[in-house]
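Visitor: sharing a sequence plus its predicted fold:
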Amino acid sequence: MPAAEPDPAAARVAVVGAGPIGAGWAIAFARAGLAVALHDVDRDRLAAGRELVEARLADLREHGLLAEGPAAVAARVEPVADLGDALAGAGHVQECAPERLELKRELFARLDALAPGAVLASSSSAITASAFAADLAGRGRCLVAHPANPPFLLPVVEVVPAPFTEAAAVERTVALLRAAGMRPVRLRRELEGFAFNRLQGALLREAYRLVAADVLDVDEVDALVRDGLGRRWALTGPFENADLNVEGGIVAHAERMGAAYARMGAEHGERGEWDAELVARVAAQRRALLPRERRGERIEWRDRALMELDRLLEGL
């Protein structure tokens with residue numbers, strides 16, 4: 001993943017929590033040339049986090065995904081047992097503690113006191129910054145930067161500001177993530193679960209329903225996603241996929257499938273009708289991204305990419 005030059009204002013990053021997510025963040029930042037202080041209150045977990053960083057860097061190099069030697073990148077990651085020492089000089093703090101509200105409240109109070117000039121970002125999967133940072137003096141520097149797991153392989157990060165988060169903190173976070181070769185997606189407002197887990201949860205809820213109704217077993221559900229939906233979505237995502245799959249694009253797809261999807265949702269009390277105004281809004285955004293005259297070209301690209309993906313997967 002190509003990375004831009006690191007922001008001098010965040011040339012040192014502190015990652016608080018050395019579990020798999022914290023270690024993954026450390027790899028992503030160090031690979032971009034940033035100095036990383038990796039902290040955990042548990043010294044055994046801190047040592048294990050450092051070992052995980054070294055092991056995954058070796059894997060990245062083996063697969064041609066690391067421009068430098070693993071040792072050179074690992075040297076940028078410093079395990080630090082004392083929280084104050086880890087935060088010293090950090091322009092960005094990435095919190096990776098367990099998903100417990102009281103723990104995050106207590107930890108962010110300490111981060112606010114010990115790192116007054118840093119952006120304080122949580123890797124929270126569902127808890128909003130409003131829930132754990134609203135009462136802090138430095139709440140304007142607090143937000144959520146929720147990564148996909150593992151962060152060094154899946155580049156998307158949800159950037160979720162609270163109503164009180166300062167615009168400058170959001171901009172600094174987005175710039176840092178882009179410099180680290182990541183793909184920040186900025187949510188316009190807070191909501192529980194953000195967007196990543198809402199999309200993921202919708203599929204998982206239906207997967208459980210299919211197993212509960214004895215329509216499919218677990219492996220069959222996984223096969224449908226792994227060998228079908230997942231392969232397509234890896235290249236296009238749900239809106240682009242719908243746009244390319246039906247002649248006439250998004251509008252034609254909604255006309256063909258919208259009522260059926262609404263009936264499926266209604267079976268479980270869900271309301272998800274796609275009214276004409278919403279469909280037109282989605283279609284307009286798709287046309288801005290892909291003019292109609294380039295649809296055939298994009299379909300050819302998708303099919304060739306699927307062929308390449310099939311070739312790679314055959315070797316696994």
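Guide: All right, it came through fine. Numbering: from 1, shown residues only.
Visitor: residue contacts, Arg256?
Guide: Val246 (C-beta atoms under 8 Å, 6 or more residues apart in numbering). (C-beta placed from N, C-alpha, C; glycine too.)
Visitor: kindly state the pLDDT recorded for it?
Guide: Reading off the confidence values, Arg256 has pLDDT 94.
Visitor: so it: helix, strand or coil?
Guide: helix (DSSP: H, G, I helix; E, B strand; the rest coil).
Visitor: look up how far Gly248 lies from it.
Guide: According to C-beta to C-beta, to the nearest Å, Arg256 and Gly248 sit 9 Å apart.
Visitor: between these two, which contacts overlap?
Guide: Here Arg256 and Gly248 have no joint contacts, going by C-beta under 8 Å, 6+ apart.
Visitor: now Ala81: closest residue in space, sequence neighbours ignored.
Guide: Arg43 (6.0 Å; C-beta to C-beta, 6 or more residues apart in numbering).
Visitor: stretch 160-167 spans what distance, first to last residue?
Guide: Start and end residues of stretch 160-167 are separated by 11 Å (C-alpha to C-alpha, to the nearest Å).
Visitor: and if you look at stretch 146-160?
Guide: 8 Å.
Visitor: quick one: mean pLDDT for that stretch?
Guide: In this model, stretch 146-160 carries a mean pLDDT of 97.
Visitor: if we can go back for a sec, Val80 is in contact with the residue nearest to Ala81, correct?
Guide: No: counting by C-beta atoms under 8 Å, Arg43 stays clear of Val80, with 10.9 Å between them.
Visitor: who's more crowded, these two?
Guide: Val80 (21 against 11; other C-beta atoms under 10 Å).
Visitor: quick one: contacts for the residue nearest to the more buried one when sequence neighbours are not counted?
Guide: Nearest non-adjacent residue to Val80, counting by C-beta to C-beta, 6+ apart: Ala86, 4.0 Å away. Ala86 makes contact with 14, 16, 37-39, 80 under the criterion C-beta under 8 Å, 6+ apart.
Visitor: then Pro70?
Guide: Taking C-beta under 8 Å, 6+ apart as the test, what Pro70 contacts is 54, 57-58, 60-61.
Visitor: nearest to Arg209, out of those: which one, please.
Guide: Here the nearest of the contacts of Pro70 to Arg209, counting by C-beta to C-beta, is Leu60; it sits at 37.9 Å.
Visitor: return the set of buried residues in the host helix or strand of that closest one.
Guide: Remark: Leu60 resides in helix 43-62, with elements defined by DSSP states H and E. Within helix 43-62, the residues scored as buried using 16 or more other C-beta atoms under 10 Å are 46, 48-50, 52-54, 56-57, 60-61.
Visitor: also stretch 97-107?
Guide: For stretch 97-107, by 16+ other C-beta under 10 Å, it's 97, 104-105, 107.
Visitor: and the furthest pair within those residues?
Guide: Pairwise over the buried residues of stretch 97-107, using C-beta to C-beta, the maximum falls at Ala97 and Arg105, 10.7 Å.
Visitor: can you redo the buried residues of helix 43-62 as TSV with pLDDT and distance to His146?
Guide: Below are the buried residues of helix 43-62 laid out as TSV (pLDDT from 0 to 100; distance: C-beta to C-beta, whole Å):
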residue	pLDDT	distance to His146
Leu46	98	23
Ala48	98	23
Gly49	97	19
Arg50	97	24
Leu52	98	20
Val53	98	21
Glu54	98	26
Arg56	98	20
Leu57	98	23
Leu60	97	22
Arg61	97	28
